[in-house]
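*Asks:* Starting from these lines, generate the structure:
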Amino acid sequence: MLLVSLVLFVLVLTLPAIPSIFEVRKPKDDGRLHITEQYIRDPRFFGRSFRHKLAPFVTQARGNSYGRAELQMRTDEEVRWSPDLQIPALERLRGIGVGERVVVGHGAGIRDAYALERLDVENDVVARTLTSDATMHIGSAVQILRWIDADGDIEVDSDSDLGLSASGGSRVTLGERVRFERVWGAPVASHTSHREAFELGRNKVTVVDAKSLGDKNSLIFYGAVQVAAGTTIREHLKVHGSIAIEPGVHIGGNVIARGDVTLAEDVTVGGHIFAEGDIRLGPRSRVSRENVSKTVYATGAVLVANDVEVFGWVVSENGGHTL
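*Replies:* Numbering: from 1, shown residues only. As a prediction, the model looks like this:
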């Protein structure tokens, strides 16, 4: 009786694991997982909510051509308006500065600046937030403590830090050694001097090429994988390890890795890129396309070389930067 009980006990424990064992031996569960994407938060929430709070003041101030007020934000904030707002170099300014056109001088330290037309931030500025209803230019070595947002193009020069979030309604172009955590743009682009492809090794990896791909649309692997130059994968690539992608590869769907993901150069990915390690986007890499927003997400760091375009989010939990 005891023996029968032990056998039944082991059988009960083993039965749920049988499907998993078959999946490990012959992976089949690599089909599409439908994700309802309409529930995502507005990627430009910070900037739009900020504008909404300031809208009554802006309407009144534009009629008077000049204005000051106390607004209740998280704390009481002094807001000042001038059609052409010039914040002098090295100035330390509290409160919120609003204008049609706003220029923040070299080395200034400010809280918030909001331009209805164009916002220019010179070198070595420290700012809490920056907002523009049109375009924004950020100089070199600028430090953002919280976030920036613009309806138009954003151009960021070298060695700047974009804080917690940067978002634009159009093109967001990052110069050399720009640090970020979350960037949203259409697209997020890079303009740097790093034009060399990322080097890829072939130590103990599974090589995927047109021959091994056959007629499969999606692939799933265990262990490190390298995709050979010029290969086209019609849908998704999921790897329980790291992925190295050689030049000229096209992947129509998502790239998902338990380790790192490296795009050497001239790689096109139509879907999301998710990695539990680092992501390296080599020169002239493209993720998604116009009017189709996707996400590049790394638990580690995201490194971006020259002439990269990502339509949507670039998110780096451990901090990312251009090269």
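
*Asks:* Packing partners of the lengthiest helix in the chain?
*Replies:* As assigned by DSSP state H, the longest helix anywhere in the chain is helix 45-64. For helix 45-64, the elements it packs on are strand 67-72, strand 76-81, strand 92-104, strand 109-121, strand 126-132, strand 143-150, strand 165-168, judged by 3 or more CB pairs under 8 Å, 6 or more residues apart in numbering; DSSP states H and E. Every residue, glycine included, has its C-beta placed from N, CA and C.

*Asks:* tell me the most buried of those?
*Replies:* strand 165-168 (a mean of 26; mean count of other CB atoms under 10 Å).

*Asks:* Now do the same contact list for His106.
*Replies:* Ala89, Leu90, Glu122, Asn123, Asp124, Val125, Gly139 (CB atoms under 8 Å, 6 or more residues apart in numbering).

*Asks:* That one in helix, strand or coil?
*Replies:* coil (DSSP: H, G, I helix; E, B strand; the rest coil).

*Asks:* Distance to Glu317 and mean pLDDT added to the helices and strands packed on helix 45-64, as JSON lines?
*Replies:* Below are the helices and strands packed on helix 45-64 laid out as JSON lines (distance: least, CB to CB, whole Å; pLDDT from 0 to 100):
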{"stretch": "strand 67-72", "distance to Glu317": "33", "mean pLDDT": "71"}
{"stretch": "strand 76-81", "distance to Glu317": "31", "mean pLDDT": "87"}
{"stretch": "strand 92-104", "distance to Glu317": "30", "mean pLDDT": "94"}
{"stretch": "strand 109-121", "distance to Glu317": "26", "mean pLDDT": "97"}
{"stretch": "strand 126-132", "distance to Glu317": "22", "mean pLDDT": "98"}
{"stretch": "strand 143-150", "distance to Glu317": "17", "mean pLDDT": "98"}
{"stretch": "strand 165-168", "distance to Glu317": "13", "mean pLDDT": "97"}
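
*Asks:* Now tabulate the ones you listed in TSV and tack on distance to Gly253.
*Replies:* Output for those, formatted as TSV (distance: least, CB to CB, whole Å):
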stretch	distance to Gly253
strand 67-72	47
strand 76-81	46
strand 92-104	43
strand 109-121	38
strand 126-132	35
strand 143-150	30
strand 165-168	25
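
*Asks:* And the ones you listed: which comes nearest Trp313?
*Replies:* Comparing those against Trp313 with CB to CB, the closest turns out to be strand 165-168 (9.3 Å).

*Asks:* quick one: strands adjacent to the closest one?
*Replies:* strand 143-150 (parallel), strand 179-190 (parallel) (DSSP bridges).

*Asks:* Tell me which helix or strand comes right after it, heading toward the C-terminus.
*Replies:* Tracing the chain past strand 165-168, the next element assigned as helix or strand by DSSP states H and E is strand 172-174.
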